[in-house]
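Colleague: pasted the sequence and its predicted model underneath.
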Amino acid sequence: MKLKSKGYILIVLAVIELSLLTVFSGLGVRSVGIVQFLFFIFLTSTAVSFAAVVAAKRLKHLILLILNPRTVAILSIAGILNYAVAQLFLTMAVKGTNPVVVSLVLKLWPIFLALMLPFTLNIKIARGQIVALIMGFIGIYLLATHGGIAMKLFGASYIGIAILSTLATASSNVIIRSQNQDVFSQVFIFNASSLIFIAMIAWLMNIQFVPMDQYTIISFLFLGSISYALGALMFFYTFKLFDPLLMANATYATPLLTILFSYFIMGTKFYAYYLLSFAFILAALIIQQHYAKRAPEYASRHSSEKKRTNLYMFDISGAFVNTKNSQIINMINKSGRAIGAKISSDMQHLNLVDPSKYGCIMFTTKEHKGYASPEELEFIRDIVGAKEDEDVLVCIGKPEEAEKAINEYFDWIDKIEKPAIEPSDKRNFFS
């Protein structure tokens, strides 16, 4: 199965799992306190995610990761924000309102993410993607206003708490996207750090645990084993594989599914304006899919030095999310990224540049030197939109150094052949 096809299947499963997040969060705190509930969620998720590391034969990657204190610290911060803090605020908001309202508010996170990406990861956002985000927001707004214009939310303070959960999720995903370590190891670090964080809160607040009913047990087992372990693996795999806004926009489908699940599990009513809302959400997904099937364009960090107007670079790091190449793994573990640019198939000349002086690895989809598998090479060509007479120049290393290496390569090419090919998918509308 193609890498892209696997990714799409995982997106569907992740969206279904995320739709149940607020439902089980509300169901689980009916008989126990929030801190106790979260402690058992992350106790379960830590055990399951470690089992997943072992089952996937990624224990070696986890050990290498743990030996890097700086990376562990960064991932722990991201994990606590995305898991412990976000779930803490989410559960508080659900307890004060209901699963459907909180699910709607949480859909604001792709908008926050879109605003953060250009300033943090140098990923360009097309105007069409902003249009998709706005249309998705309109769909969410119609649900929140019951099909009207004026906001009719109850429990304003709890809505504010839900927004804090959204901000924690968006900011943590920026950090997660910037780190390219093994996904299985990352999820384990997220869960272990969140377990320690919640355990410290329970100890500092002297929380006394009480017996749990069957609904609480079912809820923390689902959230721990599925939402924060297996479901998280699916989510972060696709989040790294594709344009980050594809996964972000896909979550716009979760409110409708949450409404359906809430109806069957908790008896929530269904209203006609849900259909209008869903129409806007569906339109947003279609527009976003139009862009996200290509790699996100990389924004130059040296725009003042960039003399070439027809050189377009892309962030193709997602192609190596599951790489088996030890050299690439080492590069990625040092906060490296993969930057790609389209070239003519007869424009190789890799000997023109010594990538080692930039601390990088450089190859093309034609002369790949065994760095990438056939599946990865096909995926790279696909997301960059390379034609039959085109190849992709790939440079892996520190983003600013990889960019310098690519620019030097094209400086030499300019002297002996021709400049880079302008992307064939460059659009006049929404671009």
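Modeller: Cool, got the structure.
Colleague: okay, CA-based contacts and neighbour counts for the rest of this
Modeller: Fine.
Colleague: in the stretch 1-150 of the chain, where is pLDDT below threshold?
Modeller: 1-8, 110-111, 114-115, 117-126, 129, 143-144, 146, 149-150 (pLDDT under 70).
Colleague: change it to 90
Modeller: Residue ranges of the stretch 1-150 of the chain with pLDDT under 90: 1-32, 57-58, 60-61, 64-65, 67-71, 74, 78, 82, 90, 93-150.
Colleague: show me where it has its strands.
Modeller: Applying DSSP state E, counting those that start in this stretch to the stretch 1-150 of the chain gives no strands.
Colleague: all helices for it, in order.
Modeller: Assigned by DSSP state H, counting those that start in this stretch, the helices in the stretch 1-150 of the chain fall at 3-19, 21-28, 34-55, 59-66, 69-79, 86-96, 99-106, 109-120, 127-144.
Colleague: now the angle between helix 34-55 and the fourth one, please.
Modeller: Using axes from the mean of the first three to the mean of the last three CA atoms, to 10 degrees, the inter-axis angle of helix 59-66 relative to helix 34-55 is 130 degrees.
Colleague: also the fifth one?
Modeller: Angle of helix 69-79 versus helix 34-55, following the same axes, to 10 degrees, is 130 degrees.
Colleague: what is helix 69-79 packed up against?
Modeller: Contacts defined by 3 or more CA pairs under 8 Å, 6 or more residues apart in numbering; DSSP states H and E place helix 69-79 against helix 59-66, helix 156-178, helix 183-204.
Colleague: who's in contact with the nearest residue to residue 172 once chain neighbours are set aside?
Modeller: In space, residue 172 comes closest to residue 78 once its chain neighbours are excluded; the distance is 4.7 Å by CA to CA, 6 or more residues apart in numbering. By CA atoms under 8 Å, 6 or more residues apart in numbering, the contact list for residue 78 reads 172, 173, 175, 176, 190.
Colleague: same thing but 7 Å
Modeller: 172, 175, 176 (CA atoms under 7 Å, 6 or more residues apart in numbering).
Colleague: you'd agree the first one is up against residue 82?
Modeller: Read it as residue 172. Yes. Look at residue 172 against residue 82 with CA atoms under 7 Å: they come within range, at 5.5 Å.
Colleague: can you list residues touching both of those two?
Modeller: If you check residue 172 and residue 82 against CA under 7 Å, 6+ apart, no residue is contacted by both.
Colleague: which of the helices and strands packed on helix 69-79 has the lowest average pLDDT?
Modeller: Mean pLDDT is lowest for helix 156-178 among those, at a mean of 79.
Colleague: can you check which of the helices and strands packed on helix 69-79 gets nearest to residue 224?
Modeller: helix 183-204 (9.1 Å; CA to CA).
Colleague: what packs against that closest one?
Modeller: Contacts defined by 3 or more CA pairs under 7 Å, 6 or more residues apart in numbering; DSSP states H and E place helix 183-204 against helix 34-55, helix 69-79, helix 231-241.
Colleague: list the buried residues for it?
Modeller: With burial defined by 16 or more other CA atoms under 10 Å, the residues of helix 183-204 counted as buried are 183-199, 202.
Colleague: check stretch 17-35 too.
Modeller: Neighbour-count burial for stretch 17-35, counted by 16+ other CA under 10 Å, picks out 17-29, 34-35.
Colleague: what's residue 37 in contact with, if anything?
Modeller: Here residue 37 is in contact with 28, 29, 220 (CA under 7 Å, 6+ apart).
Colleague: how about 6 Å then?
Modeller: Not one residue lies near residue 37 by CA atoms under 6 Å, 6 or more residues apart in numbering.
Colleague: picking up where we left off before, now the residue nearest to residue 172: how far from residue 46?
Modeller: Distance of residue 78 to residue 46, given as CA to CA, to the nearest Å: 16 Å.
Colleague: how many residues are close by the nearest residue to residue 25 once chain neighbours are set aside?
Modeller: Distances taken as CA to CA, 6+ apart place residue 91 nearest to residue 25, at 5.7 Å, with adjacent residues excluded. Residue 91 has 31 neighbours, counted by other CA atoms under 10 Å.
Colleague: so that it lines up with my notes, have the first residue be 379 from now on.
Modeller: Yes, from this point I'll number from 379; that puts the last item at residue 469.
Colleague: can you list the low-confidence ranges for the stretch 629-778 of the chain?
Modeller: Looking along the stretch 629-778 of the chain with the criterion set at pLDDT under 90, you get 629-735, 742-769, 775-778.
Colleague: tell me which stretches of it form helices.
Modeller: According to DSSP H, counting those that start in this stretch, the helices that the stretch 629-778 of the chain contains are 632-644, 651-670, 704-711, 752-762, 777-794.
Colleague: and the angle for the first one with helix 399-406?
Modeller: What it means is helix 632-644. 30 degrees.
Colleague: helix 632-644 to helix 505-522, inter-axis angle?
Modeller: Using the same axes, to 10 degrees: helix 632-644 against helix 505-522 is 30 degrees.
Colleague: now residue 766: phi and psi?
Modeller: phi -60, psi -30 (degrees, to the nearest 10).
Colleague: just the one 10 residues further on next, same as before
Modeller: Summarising the backbone geometry of residue 776 under the convention degrees, to the nearest 10, its torsions are phi -60, psi 130.
Colleague: that one and residue 717 touch, don't they?
Modeller: No. Using CA atoms under 6 Å, residue 776 makes no contact with residue 717, being 9.6 Å away.
Colleague: ok, the contacts of residue 456 vs residue 431, which is closest?
Modeller: For the contacts of residue 456, the nearest to residue 431 is residue 554 (18.1 Å; CA to CA).
Colleague: excluding its backbone neighbours, what's nearest the closest one?
Modeller: Nearest one to residue 554, counting by CA to CA, 6+ apart, is residue 456 at 6.6 Å.
Colleague: just give the number of residues close to residue 425.
Modeller: Residue 425 - counted by other CA under 10 Å - has 16 other residues nearby.
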